[in-house]
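*Asks:* Need coordinates for the following:
(chains A, B, C and D)
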2 protein chains.
Amino acid sequence: MTKPAIKTPAAQQEQLTAARDEFIAQWGIMGSSWGINRTMAQIHALLMVSTTPQSTDEIMAELEISRGNAHMNLRDLVGWGLVRSVIRKGERKEFFEAEKDVWKIFCTVVRERKRREIEPAMLVLRDCAARTAGLTIPEAKAFHDQTKALSEFVQMADGVLNKIAKSEKSSIVPFALKFLK
Amino acid sequence: MTKPAIKTPAAQQEQLTAARDEFIAQWGIMGSSWGINRTMAQIHALLMVSTTPQSTDEIMAELEISRGNAHMNLRDLVGWGLVRSVIRKGERKEFFEAEKDVWKIFCTVVRERKRREIEPAMLVLRDCAARTAGLTIPEAKAFHDQTKALSEFVQMADGVLNKIAKSEKSSIVPFALKFLK
DNA sequence: ACATACTTTCAGTATTGATTGAAAGTACGA
DNA sequence: TCGTACTTTCAATCAATACTGAAAGTATGT
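*Replies:* As a prediction, the model looks like this:
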C-alpha cells in the first residue's frame, strides 16, 4: 500500500501556514529595505493572501502586534490606496481587504512614491540648478551642470513612471520590453 | 549708476554654498526615504558636485561627521560602485571622487538593488508558489495563485531592469518612451 | 627599528523610528 | 440616557540603526 497522493486537509493547512509565514516575513524585509515600515508591509502581505476581508483583531492575532500598531498601519495602507475597508451588513466591526491585482498594486505604489518623494526632490533639484545658472566661477558652473543633469534625468524618469502608472495595465511594459537592448 | 550684472566671486561663493548645502540635505532626505543611509547619500551628493577628489578629512569637515562615520560610508559607496578612490602621486592620503554621469549612476543603483534586494525576494516568492502548487484547499489555491502572480511580475520587472541597466546609455529609455501611453 | 601619516575597527552612546497599551472618543441600539 | 462595541490617539517605552572617538592596525620613508 502506497501513501495517497492527495494530502489531508490538515497536512495542507500546515504546509500553507509555513509558506504564508515565510511570504509575510519576506515581504516585510523587502518593504523595510525600500523604506517602508516593516509591519505595514507585513499587513499588506497578509491581506494580499487572505481570501476574505480581515478584522483588526484577526490581523493583531496573526502578526502578534498591538491594536495601536495594527490600526495606524491599516490607516496608512488605506491612505496609500493599497487596502480598502469593508463593512459587513449587521456587523459593527470594520474589515480590511487588499487590492490583489499585481499590476494595480505596482501602479499605486509608483504613483504614491512619485507624489510623496520624487516630486518634492525634483523641485529642489530644479531650484538648485536655477539659482546657480548665471554664476561664472568654475565651482559654481560644475554645480549647476550636475544639478541640471540630475533634474533633467529625474524629470524624464518621472515622465516614464507617469505613463506606466497611468496606463494601469500590464500589456505596456512587456510591449516596451521588445524595444530594449 | 546701476549695479554691475556680474557678481563678485565672494557673492557667488556664498550663493553656491547655500545651494550646495540644500542639495546635499535633500539628497540625504531622498536617500533615507528610499532605504539608504542618510550620511551615505550626503557624501555621495557632496562628491557629485565636487570638482576635485576629496579627502576623508575634507568630507568630515564639510558634513561635520566623525572619521569612523565618513570612513564606513565611503567604503560602502565604493562597494556600490558609485565612488572610487584615487591616490595622488607623492601623497599618502586617499582621495575620493564620484561617478558623475547621471545615467551610469542610475544603472549602478539599479544593478546593485536588483542584486541585493530583488533577487533574494524573487527566490522566496518562487519558493512560496512552488511549495503550494499541488494543494487543493481553497485557501492554499488562493495563496498559490497570488504568490505566483507576484513572482511572475517581479521576474518580468527584473528583466526590464536588467536590460535598462545593462545598456548603460541614455538613448534607450527616451526611445521606449515613445511607445508608451 | 623607529617615526610619521595615514586607515580601520568597534564598544559605547546617541538618535531615530516603531510599538505598546490604556484612556478618550464615537456611534449605535435599547 | 446609558451601555456596549468598537475606533482613535498619544505619551511612554522599546528596538533598530547610525555615529563617535579613541585605540589598534598598516604602510612608507629614513
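
*Asks:* Next, name the residue at the spatial heart of chain A.
*Replies:* Geometric centre of chain A, nearest residue: A:Val109, 4.4 Å, by C-alpha atoms, centre = their mean.

*Asks:* can I assume it sits in a helix?
*Replies:* Yes. Counting by DSSP: H, G, I helix; E, B strand; the rest coil, A:Val109 falls inside a helix.

*Asks:* Report the contact partners of A:Arg38.
*Replies:* A:Arg38 is in contact with A:Gly28, A:Ile29, A:Gly31, A:Ser32, counting by C-beta atoms under 8 Å, 6 or more residues apart in numbering or on different chains. Quick note: C-beta positions are derived from backbone N, CA and C, even for glycine.

*Asks:* got the buried residues for the host helix or strand of A:Arg20?
*Replies:* Using DSSP states H and E, A:Arg20 maps to helix A:9-33. Buried positions in helix A:9-33, judged by neighbour count with 16 or more other C-beta atoms under 10 Å in any protein chain shown: A:12, A:15-16, A:19-20, A:22-24, A:26-33.

*Asks:* just to revisit the earlier point, so the residue nearest to the centre of chain A is in contact with A:Leu82, correct?
*Replies:* Yes. Taking contacts as C-beta atoms under 8 Å, A:Val109 lies within contact range of A:Leu82: 7.5 Å.

*Asks:* Pull the number of nearby residues for the residue of chain A found nearest DNA strand C.
*Replies:* Proximity to DNA strand C, evaluated over chain A using C-beta to the nearest atom of the strand, is greatest for A:Gly68 at 2.0 Å. By other C-beta atoms under 10 Å in any protein chain shown, 9 other residues sit near A:Gly68.

*Asks:* Run through the helices of chain A in chain order.
*Replies:* A:9-33, A:38-48, A:56-63, A:67-80, A:102-113, A:119-130, A:138-167, A:172-177 (DSSP state H).

*Asks:* Where among those is average confidence lowest?
*Replies:* Looking at these, the lowest mean pLDDT belongs to helix A:172-177 (a mean of 60).

*Asks:* how about TSV for the helices of chain A, with distance to B:Ser55 added?
*Replies:* Shown next, in TSV, are these (distance: least, C-beta to C-beta, whole Å):
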stretch	distance to B:Ser55
helix A:9-33	31
helix A:38-48	38
helix A:56-63	48
helix A:67-80	43
helix A:102-113	36
helix A:119-130	25
helix A:138-167	17
helix A:172-177	44
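
*Asks:* Point out the most buried one among those.
*Replies:* Stretch with highest mean neighbour count among the helices of chain A: helix A:38-48 (a mean of 23; mean count of other C-beta atoms under 10 Å in any protein chain shown).

*Asks:* surely A:Glu119 meets A:Ala157?
*Replies:* No. Assessed by C-beta under 8 Å, A:Glu119 is found out of contact with A:Ala157, at 11.6 Å.

*Asks:* can you list the residues of chain A near DNA strand C?
*Replies:* Within reach of DNA strand C by C-beta under 7 Å from any atom of the strand, chain A has these residues: A:37-40, A:64-69, A:72-73, A:92.

*Asks:* Which of these sits closest to A:Asp101?
*Replies:* A:Asp101 lies nearest to A:Met40 out of those, by C-beta to C-beta, at 19.4 Å.

*Asks:* which ones are touching the nearest residue to the closest one once chain neighbours are set aside?
*Replies:* Excluding its sequence neighbours, the residue lying closest to A:Met40 (C-beta to C-beta, 6 or more residues apart in numbering or on different chains) is A:Asn73, at 4.3 Å. Counting by C-beta under 8 Å, 6+ apart, A:Asn73 touches A:Asn37, A:Thr39, A:Met40, A:Ile43.
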